[in-house]
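[1] Give me coordinates for this.
(4 chains)
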Protein chains: 2
Amino acid sequence: MAVEPPRTSVGARRNPDTEQAVMDAAAEIIAEEGYQKLTMEAVARRARAGKATLYRWWPSRGHLLLALYSRAKSTLGDIDTGDLTSDVTAFIAQMLRQMQGSDGQEPLAPMLRLLIAEAQSDATIREALHRERRERWLLLDNIIRRAEERGQLNPAVTARRAEQRIISMIWYFLLNDTLPGPEAAAELAESIMAEMRA
Amino acid sequence: MAVEPPRTSVGARRNPDTEQAVMDAAAEIIAEEGYQKLTMEAVARRARAGKATLYRWWPSRGHLLLALYSRAKSTLGDIDTGDLTSDVTAFIAQMLRQMQGSDGQEPLAPMLRLLIAEAQSDATIREALHRERRERWLLLDNIIRRAEERGQLNPAVTARRAEQRIISMIWYFLLNDTLPGPEAAAELAESIMAEMRA
DNA sequence: CCTATTGCGATACGATACGTTCCGTTCTAT
DNA sequence: ATAGAACGGAACGTATCGTATCGCAATAGG
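    Numbers count the residues shown, from 1 in each chain, chains lettered A, B, ... in the order given. You can find the predicted model right below:
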């Protein structure tokens, strides 16, 4: 096996090849050896990156995880069936599929679990994760906003609280390792909607 | 400060003094230096315990945390006002007080947050924490069971799901560092009860 | 009363990861 | 042409991990 020449600097700016190599190395370590083995040392070795470079762009293991999570964006489009409960059912089903990888992508559940864990002892990660989540929930925001406009939402329930209800339920399943399959989405949506309907 | 003589064995059985010293040391480290500094090394040093002894009884940092959490049992009694919403309000308020230490005890929130985090990469902790929680929620079980007997609970809502709804909401606040004060309990209970009432 | 067994504090150990620092090189920006 | 940033690579000191070993103390079982 030929020894490949190391990447070198591309000058006074970030080398995109290095970034790619680090992300790939991290993903491979997770896939092949599990999350426990995802250390800065191991990633640097596998990516043939200097540790200084690694620390410059990803200050901690948590930031690496976050970057990986960030990379796995949903490619799915909007949900708009015209009915609140149907929309929420579709949203929950999609989220459950993403978590468990039954959408053909890498399962997000283990990654998100570790990320939530990491956030408990690192405020930086907590805030970054918070921003990341808001972005991912635009879909849900839109669903709720449209239901509000149609008058399908109980005025006593704020959009913020409705969102919280849905997400907290999924987090609870996630953190207790009891995520149901996507076929449970309708039942879950129905039971949550009881309090939200106009 | 006098140099105390080291504890020695009390024979072929566990030394309760050592157990106490370890628990105290762990609690002190957390209080004085934060959770980051809670390492097996540091606890052994501070408790003047051999590391072998430490590892024999608490195989990991997670088990230490769990033992600490276990030690902080609620001393509060039963809740039974005769009304489901009132009971749930009281339960939530009590839980929020425990979490934030406004009951005069050590705040449980930081400990539980780290414990949940630890459980995400250690199945042993996850199961032990699960048992521990079931014990703590007997209060809530009783509240819901009595409401069922009085016919105050929507028959379409299982007791299990009702419990989940309440706990998942609190966990969500806990993990996002947005725990409300106990005065918010009534509003939270009211909004959750909407779907549970008969 | 004797002995095997167990718990204990203490210490040393190798392994691993952390985070920093330095080097020589490459290329950009001015 | 020069200053400066990014790069791979290596070395460094520090810290923690988890295990092993020692000698002592005290119980449990015969």
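[2] distance of residue A:84 from residue A:96?
    19 Å (CB to CB, to the nearest Å). Yep, even glycine has a C-beta here, placed from its N, CA and C like the rest.
[3] So which residue is smack in the middle of chain A?
    In chain A, the centroid-proximal residue (CA atoms, centre = their mean) is residue A:69; its distance is 5.0 Å.
[4] In contact with that residue, which residues?
    A:108, A:111-112, A:115, A:132 (CB atoms under 8 Å, 6 or more residues apart in numbering or on different chains).
[5] Swap in 7 Å and give it another go.
    A:111-112, A:115, A:132 (CB atoms under 7 Å, 6 or more residues apart in numbering or on different chains).
[6] Please report the distance of residue A:120 from residue A:38.
    17 Å.
[7] So which of those two has more stuff around it?
    Legend: neighbour count by other CB atoms under 10 Å in any protein chain shown for residue A:120 and residue A:38, higher for residue A:120 (22 against 19).
[8] I'd say the more buried one and residue B:115 touch.
    No - Residue A:120 is not in contact with residue B:115 according to CB atoms under 7 Å; the separation is 9.3 Å.
[9] what about the closest residue to DNA strand C within chain A, which helix or strand?
    Nearest residue of chain A to DNA strand C, counting by CB to the nearest atom of the strand: residue A:11, 2.7 Å away. Using DSSP states H and E, residue A:11 sits in no helix or strand.
[10] Can you report how many residues lie near it?
    Residue A:11: 7 neighbours (other CB under 10 Å).
[11] Ok, residue A:180 next?
    The local packing of residue A:180 (other CB under 10 Å) involves 14 other residues.
[12] Would you mind measuring from residue A:136 to residue A:76?
    11 Å.
[13] my bad, residue A:184
    19 Å.
[14] same check, this time on residue A:8
    Going from residue A:8 to residue A:76 by CB to CB gives 39 Å.
[15] who has more neighbours, the two?
    residue A:76 (12 against 9).
[16] residue contacts, that one?
    Contacts of residue A:76 by CB under 7 Å, 6+ apart are residue A:94.
[17] Looking at it now. What's its pLDDT?
    Per-residue pLDDT puts residue A:76 at 74.
[18] can I assume it sits in a helix?
    No - going by DSSP: H, G, I helix; E, B strand; the rest coil, the assignment for residue A:76 is coil, not a helix.
[19] for chain A, which spans come out with low pLDDT?
    Applying pLDDT under 70 to chain A flags residues A:1-4, A:195-198.
[20] again, only using 80
    A:1-6, A:11-12, A:74-76, A:194-198 (pLDDT under 80).
[21] hey, where'd the helices end up in it?
    Applying DSSP state H to chain A gives helices spanning A:16-33, A:40-47, A:51-57, A:61-71, A:84-100, A:109-119, A:123-136, A:138-150, A:159-175, A:185-193.
[22] got these as a markdown table, with distance to DNA strand C columns?
    Conversion of those to a markdown table gives the following (distance: least, CB to the nearest atom of the strand, whole Å):
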| stretch | distance to DNA strand C |
| --- | --- |
| helix A:16-33 | 9 |
| helix A:40-47 | 3 |
| helix A:51-57 | 4 |
| helix A:61-71 | 5 |
| helix A:84-100 | 26 |
| helix A:109-119 | 12 |
| helix A:123-136 | 12 |
| helix A:138-150 | 33 |
| helix A:159-175 | 23 |
| helix A:185-193 | 37 |
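[23] got these as TSV, with distance to residue B:64 columns?
    TSV is the format used below for these (distance: least, CB to CB, whole Å):
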stretch	distance to residue B:64
helix A:16-33	27
helix A:40-47	25
helix A:51-57	30
helix A:61-71	22
helix A:84-100	31
helix A:109-119	17
helix A:123-136	23
helix A:138-150	39
helix A:159-175	21
helix A:185-193	36
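[24] closest one to residue B:21 among those helices?
    Among those, the nearest to residue B:21 by CB to CB is helix A:109-119 (29.3 Å).
[25] and the closest one, is it in reach of chain B?
    Yes - interface with chain B: helix A:109-119 contributes A:113-114, A:116-117 (CB under 7 Å from any CB of the partner chain).
[26] Next, give me the two most distant ones among those residues.
    The distance between the two most remote of the residues of helix A:109-119 next to chain B (CB to CB) is 7.4 Å, for A:114 and A:116.
[27] buried set for stretch A:80-100?
    A:84-85, A:87-100 (16 or more other CB atoms under 10 Å in any protein chain shown).
[28] what sits up against it?
    With CB under 7 Å, 6+ apart as the test, stretch A:80-100 has contacts from A:74, A:76, A:79, A:103, A:105, A:107-109, A:139-140, A:143, A:146-147, A:152-153, A:166, A:170, A:174, A:179-182, A:185-186, A:188-190, A:193.
[29] Among those residues, name the buried ones.
    Looks like the contacts of stretch A:80-100 have A:79, A:103, A:107-109, A:139-140, A:143, A:146-147, A:152-153, A:166, A:170, A:174, A:179, A:182, A:185-186, A:188-189, A:193 buried, using 16+ other CB under 10 Å.
[30] Quick check: chain neighbours aside, which residue is closest to residue A:144?
    Counting by CB to CB, 6 or more residues apart in numbering or on different chains, residue A:144 lies nearest to residue A:159, which is 4.6 Å off, once chain neighbours are set aside.
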